[in-house]
Every structure is written in C-alpha cells, then in structure tokens.
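Asker: pasting the sequence and the predicted model now:
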Amino acid sequence: MRNITLFMVSMILASAGCLDSLKEDLISCDNRVGDCRYEILQNGKYSKLHIEISYVSDNEPSSEALDLLRQRINEVTDKTSVTISQNSFGSTDDSYSLEEIIEIENLQRERYKSGDEFVIYILYLNGEFEDNDKTLGLAYKGSSFVMFQEKIEDAAFLLISAQDIEKAVLVHEYGHLLGLVNNGYTSPHDHEDPDHPNHSNNEESVMYWAIESQDLYNQLDGEPPNNFDSYDLDDLNLMRQGKL
Ligand SMILES: [Zn+2]
C-alpha cells in the first residue's frame, strides 16, 4: 500500500513538472511568428533589445543594412537600447530545410530574452532554402529569422545593389516578427494582400510579398522599399500603445 502511495505521489509530481514545461511552451511567444510583437514593440517588460547574428563564413551582413534595421527598430519601438552582436560559423551545406535551420539556431544561438532584455536572432546563411529556392529571407519563429545572403547577392540587378535588397529583406522579416500584416491581430485598415497572406497589398511597403522573393525584379519598378507604409506604421503604433 505504501509503495503504491509513493508511486502515485511520484506520478503526480512527474506530471506536474510536465505541465509546467508544457505551459512554458504554450505561453512563450517564441513558438510562432508574430507572437512576440508586444515584447518587441512595447517597453513594459523588455526595455532593451539585443540582436544576435550568426552567419556562415563569408556571408556576413552589411553594416549599412544593420544600421538601417537599428534605425527602423528605433522608429517603431521605445527601447532604451538596441545592441548587436555577431559570430560566424562554418557550413558544408548549401540547401537548408526548416528543420536544419532550427537545428542550427539551437546550436549557434547564445542569448534568449531575460531580465529586461529581449533578443532577436538572425541567421545569415549561404546557399538556398530547400522548400523554395527563390526565398531571400524567412521569419520562422517568434524571435528568429533567416537571411539567404547568396540568394540576395544573386538577386541584384541593373542599378539595384545586393545591399539595397538586403536592407529591404531585413526590415521585411523584422516586420513579420512584429505581426505584419494581420498575423495575430486585425488591422483597422484594409491592407493585407488576399493572394499573399500576412503581406501588404501596397508595393511601396516593405511588407509587399515580393520583397522576400527572387521574383522581386519582376514585381517592382525600381529600388525595393525598405520602410513601412502609413498603414503598417499605424498598426505598429496601435499595438505599441496596447490598443490593438
Ligand atoms: Zn514576407
């Protein structure tokens, strides 16, 4: 009888532990793209933002593109500081599945949100995305996105430099982490492209779908936009104020 009681107690303790970790998984915004929008936009819980970047050797981000991302972050959030760290790693692969991308993040990422600091993780890869070789960038978790730097270089054309494209893709993927467009909230403005969910119907917005695709040269007349349009900014402002 005593043995059975002990067994039952340990069963209950074990399942309580399981429930706790399950609850942690369910409430963590990291699991789904767009779910960390309040953590990133608002100041209450996390007043500082850190951007951790891992890049495959020879595929480092351009400092001008990172400066622009920092500027865009400062324009739409109230963070008291935005810091950036970078480290490189080697890779023999040149085609990455989503599972592999998540595996690389698990191996390379060093910082997660803690205390008053939220952390966004950006992975710069060589090669291509296995599921769609036109992909230039992809937001895949609540606080993480990937940039395909060789694909961005390949996408440069005429007067549009790889750096112009990199700037647009960086801000676009950051916008997805903020929930743009209509990912987890409903905008008061009619600006979601019905043919490309969670993207803007305005080709002058950085959230236009073609920004993250190698098709962009077919879709855009000139330099790709690297800023949010007035509807995007209004959505972000309302979310920052807790009104949306
Ligand atoms: Zn997109």
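Answerer: Cool, the structure landed.

Asker: C-alpha from now on. contacts and neighbour counts both.
Answerer: Will do.

Asker: where exactly do the helices run in the chain?
Answerer: Taking DSSP state H, the helices of the chain run over residues 2-27, 37-41, 63-76, 98-108, 149-155, 162-177, 216-219, 230-240.

Asker: a markdown table for these, including distance to residue 187 and mean pLDDT?
Answerer: Below are those laid out as a markdown table (distance: least, Cα to Cα, whole Å; pLDDT from 0 to 100):
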| stretch | distance to residue 187 | mean pLDDT |
| --- | --- | --- |
| helix 2-27 | 23 | 51 |
| helix 37-41 | 14 | 97 |
| helix 63-76 | 16 | 98 |
| helix 98-108 | 29 | 97 |
| helix 149-155 | 30 | 96 |
| helix 162-177 | 14 | 98 |
| helix 216-219 | 25 | 83 |
| helix 230-240 | 6 | 98 |
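
Asker: among these, which is nearest residue 197?
Answerer: Closest approach to residue 197 among the helices of the chain (Cα to Cα): helix 162-177, 11.3 Å.

Asker: could you chop this protein up by domain?
Answerer: Here the domain parsing of the chain from automatic domain parsing is 1-31, 32-240.

Asker: would you format those as a markdown table with mean neighbour count included?
Answerer: As requested, the domains of the chain are exported to a markdown table (neighbours: other Cα atoms under 10 Å):
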| stretch | mean neighbour count |
| --- | --- |
| domain 1-31 | 12 |
| domain 32-240 | 19 |
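
Asker: OK, contacts around residue 186?
Answerer: Applying Cα atoms under 8 Å, 6 or more residues apart in numbering to residue 186 gives the contacts residue 244.

Asker: run the chain-centre distance for stretch 90-109.
Answerer: Stretch 90-109 has its C-alpha centroid displaced from the chain centroid by 16 Å (Cα atoms, centre = their mean, to the nearest Å).

Asker: straight-line length of that stretch, end to end?
Answerer: 14 Å (Cα to Cα, to the nearest Å).

Asker: what comes into contact with it?
Answerer: 52, 54, 56-57, 121, 123, 126-131, 140, 146.

Asker: again, only this time at 7 Å
Answerer: 54, 56, 57, 126, 127, 128, 129, 130, 131 (Cα atoms under 7 Å, 6 or more residues apart in numbering).

Asker: okay, the fourth one: pLDDT?
Answerer: Looking at residue 126, its pLDDT stands at 98.

Asker: equivalent analysis for the third one, please.
Answerer: Residue 57 carries a pLDDT score of 98 in this model.

Asker: who touches it in this structure?
Answerer: 88, 89, 90.

Asker: strands - which of those residues land there?
Answerer: 88, 89 (DSSP state E).

Asker: please produce CSV containing the contacts of residue 57, extended by pLDDT.
Answerer: Shown next, in CSV, are the contacts of residue 57 (pLDDT from 0 to 100):
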residue, pLDDT
88, 98
89, 98
90, 98
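
Asker: any idea which of the contacts of residue 57 is closest to residue 163?
Answerer: For these, the minimum distance to residue 163 (Cα to Cα) is 19.4 Å, reached by residue 88.

Asker: can you pull up the bridge partners for the closest residue to the closest one other than its chain neighbours?
Answerer: Nearest residue to residue 88, sequence neighbours excluded (Cα to Cα, 6 or more residues apart in numbering): residue 55, at 4.8 Å. With DSSP bridges as the criterion, residue 55 is bridged to residue 88, residue 124.

Asker: residue 54 and residue 120 touch, don't they?
Answerer: No: using Cα atoms under 7 Å, residue 54 makes no contact with residue 120, being 11.3 Å away.

Asker: OK, contacts around residue 35?
Answerer: By Cα under 7 Å, 6+ apart, the neighbours of residue 35 are 29, 142, 179, 184.
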